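**Q** Would you be able to build a 3D model of this:
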Amino acid sequence: MAKAPLDGVRIADFTWVWAGPYCTLQLAHLGADVIRIETTSRPCITRVLPPWPEGKPGGLNRSGYFNQYNQGKRSLTLNFSHEAAREVARRLVARSDVVTNNFAHGVMERMGFGYEALKQVKPNIIMISLSGYGDTGPYRDYVAYGPAQVPLSGLSALTGYKGWPPMHSGFSYADPNAGVHGAFAILAALYHRAKTGEGQYIDMSQWECAMALLPEGILEYTFNAHEPERIGNSDPQMAPNGIYKCLDRPDRIAGNVIDQFVAIVCTDDVDWRRLAQAIGQPELAGDSRFATFEARKRNEDELDAIITRWTSQQRARQVAEMLQQAEIPAAVVADNKYLSEEDAHLKARDYFVYLKHPEVGTRQHAGMPWKMSRTETTVHSAAPTIGQHNEDVLIELLGYSREEVAQMRTTGILD
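**A** Numbers count the residues shown, from 1 in each chain. Below is the predicted model:
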């Protein structure tokens, strides 16, 4: 099998929190040498966020959050209050193909690492800024964070139950979404450089990336001057389409009863006839209340009640498997134990990775969601401890002597 697709590509990674590191995680998965530039005096917030192994915090290297999104990367600690540390970073840029950051607009320039400055170090460098709102426009200096950007994108206006206020999506969806968009833009820029020899600057707006996912709301307004109402788990046209209660999980987790549900979707009359047969009520297929697409939507509440009476007496996995065998789109609303331990499909595809970490040992982490038939796709290492690769990067890559590295440690350059 050939080497990984981005083997030989190096990323000088100034990112932190989630959007930026999720971007560079994709590049590391593709084989790039991603070197995170960090500092112990102001560590990435994700290094101090739970979950912790066995629920026990301690230090900067035990966060499951950080360790998930930084697999396969290296860590170099630099204290930019020292000009010598900035010179180390510039030397790294000279040996890199891409520079990434997700700071607010203007931060990299104030640090002395804006695109114009970096072009002087390496003329064909590719640089991306995954800022909250982009480098232009009246919002460019606004502070951005995922939980605020999700509502601003319009997603919250579409999320929630009828008559309820807008609701959050459940997590900071804008962050990883921006990371994937950023990785895609970098791949396009690398392709452009391979053809032309030219580097370039990528000005990306996390907000606009989130808006790109919401054509339903925006187009409904631009086409019809109408604001879509919040409809919970329903679909504007299809019925049944929802989340249906099943029997509770038979085992408790941490002493708590865990509800279980199944998602069911009927896209047309054929699906509906199959579902009616599967639940043992084939006569419903010809019932005037449910016989047509439009009739099912008009009588959706009554239809959902009938389906819930059937699902509520069964296990979610049994319902999903039975309906899939009947060619009806259905799936377990998975809890985390189900995903981590019970789903046979994920096990068969070797989705989870188990790599030994210097401080927390071997832990399960989510791996790559793709497999490539001709190129390597392997998570090579667990996330780095902070500063773990200082000597590797400084001596083997950048050509500093051991004496120079020792002096850097003494003077606080390697923070």
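**Q** mind listing the strands for the stretch 51-200 of the chain?
**A** For the stretch 51-200 of the chain, strands defined by DSSP state E, counting those that start in this stretch occupy the ranges 74-77, 98-101, 126-131, 200-205.
**Q** Which among the ones you listed is found nearest to H365?
**A** Within the strands of the stretch 51-200 of the chain, the stretch nearest H365 is strand 74-77; the backing value is 16.8 Å (Cβ to Cβ). No exception for glycine: its C-beta is placed from N, CA and C like everyone else's.
**Q** tell me the contacts of the closest residue to F290 other than its chain neighbours?
**A** With Cβ to Cβ, 6 or more residues apart in numbering as the criterion, F290 has its nearest non-adjacent residue at 5.0 Å, and that residue is R296. Applying Cβ atoms under 8 Å, 6 or more residues apart in numbering to R296 gives the contacts A239, P240, C266, W272, R289, F290, L303.
**Q** just checking, what packs against the helix or strand encompassing the last one?
**A** Using DSSP states H and E, L303 sits in helix 300-311. Using 3 or more Cβ pairs under 8 Å, 6 or more residues apart in numbering; DSSP states H and E, the elements in contact with helix 300-311 are strand 241-245, strand 261-265.
**Q** between these, which gets nearest to V48?
**A** strand 261-265 (33.8 Å).
**Q** Just the CA trace of the closest one, in CSV.
**A** The C-alpha trace of strand 261-265 is given here as CSV (Å, rounded to 0.1, in the frame of the first residue of the first chain):
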residue,chain,number,x,y,z
PHE,A,261,-35.6,5.7,21.1
VAL,A,262,-35.6,4.7,17.5
ALA,A,263,-35.6,7.0,14.5
ILE,A,264,-38.1,6.0,11.7
VAL,A,265,-38.5,7.7,8.3
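**Q** quick one: buried residues of that strand?
**A** F261, V262, A263, I264, V265 (16 or more other Cβ atoms under 10 Å).
**Q** go on, stretch 341-352?
**A** Those would be D343, L346, for stretch 341-352 by 16+ other Cβ under 10 Å.
**Q** swap in stretch 198-211?
**A** Across stretch 198-211, burial judged by 16+ other Cβ under 10 Å covers G199, Q200, Y201, I202, D203, M204, S205, Q206, W207, C209, A210, M211.
**Q** Please determine how far the last one is located from L155.
**A** Going from M211 to L155 by Cβ to Cβ, to the nearest Å gives 9 Å.
**Q** and what of the fourth one?
**A** Separation of I202 from L155 (Cβ to Cβ): 24 Å.
**Q** one step back: tabulate the strands of the stretch 51-200 of the chain in TSV, adding columns for mean pLDDT and distance to N390.
**A** Below are the strands of the stretch 51-200 of the chain laid out as TSV (pLDDT from 0 to 100; distance: least, Cβ to Cβ, whole Å):
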stretch	mean pLDDT	distance to N390
strand 74-77	98	6
strand 98-101	98	19
strand 126-131	97	24
strand 200-205	98	29
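**Q** Would you format the ones you listed as JSON lines with distance to R230 included?
**A** Below are these laid out as JSON lines (distance: least, Cβ to Cβ, whole Å):
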{"stretch": "strand 74-77", "distance to R230": "43"}
{"stretch": "strand 98-101", "distance to R230": "36"}
{"stretch": "strand 126-131", "distance to R230": "30"}
{"stretch": "strand 200-205", "distance to R230": "26"}
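**Q** Which among the helices and strands packed on helix 300-311 is found nearest to G64?
**A** Closest approach to G64 among these (Cβ to Cβ): strand 261-265, 25.7 Å.
**Q** Can you list the strands that the closest one pairs with?
**A** In the sheet, strand 261-265 lines up against strand 241-245 (antiparallel), strand 330-332 (antiparallel) (DSSP bridges).
**Q** Show the average pLDDT along that strand.
**A** Per-residue pLDDT values over strand 261-265 give a mean of 98.
**Q** next SSE after it?
**A** That would be, after strand 261-265 and using DSSP H and E, helix 269-278.
**Q** ok and that following helix relative to strand 261-265, angle-wise?
**A** With axes from the mean of the first three to the mean of the last three Cα atoms, to 10 degrees defining the directions, helix 269-278 sits at 140 degrees from strand 261-265.
**Q** For helix 269-278, name the packing helices and strands.
**A** helix 316-325.
**Q** Show the contacting residues for the residue nearest to V9 when sequence neighbours are not counted.
**A** Nearest residue to V9, sequence neighbours excluded (Cβ to Cβ, 6+ apart): A32, at 4.4 Å. By Cβ under 8 Å, 6+ apart, the residues touching A32 are L6, D7, V9, R10, I11, T24, V98.
**Q** which of those residues are buried?
**A** Buried, going by 16+ other Cβ under 10 Å: L6, V9, R10, I11, T24, V98, out of the contacts of A32.
**Q** gap between the nearest residue to Y221 once chain neighbours are set aside and E216?
**A** Of all residues not flanking Y221 in the chain, E227 sits nearest, at 6.3 Å (Cβ to Cβ, 6+ apart). Distance of E227 to E216, computed by Cβ to Cβ: 11 Å.
**Q** what's around F14, how many residues?
**A** Residues near F14, counting by other Cβ atoms under 10 Å, number 24.
**Q** Quick one: find the helix or strand in the protein with the lowest mean pLDDT.
**A** In the chain, the helix or strand scored least confidently by mean pLDDT, DSSP states H and E is helix 146-153, which has a mean of 86.
**Q** Which elements pack onto that helix?
**A** By 3+ Cβ pairs under 8 Å, 6+ apart, helix 146-153 packs against helix 174-196, helix 206-211.
**Q** For the ones you listed, give me CSV that also has mean pLDDT.
**A** Listed next are these as CSV, based on pLDDT from 0 to 100:
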stretch, mean pLDDT
helix 174-196, 97
helix 206-211, 94
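**Q** Identify each buried residue in the helix holding L303, please.
**A** Neighbour counts over helix 300-311 (16+ other Cβ under 10 Å) mark E300, L303, D304, I306, I307, T308, W310, T311 as buried.
**Q** repeat for stretch 274-294
**A** Using 16+ other Cβ under 10 Å as the test for burial, stretch 274-294 gives R274, L275, A276, A278, I279, L284, F290.
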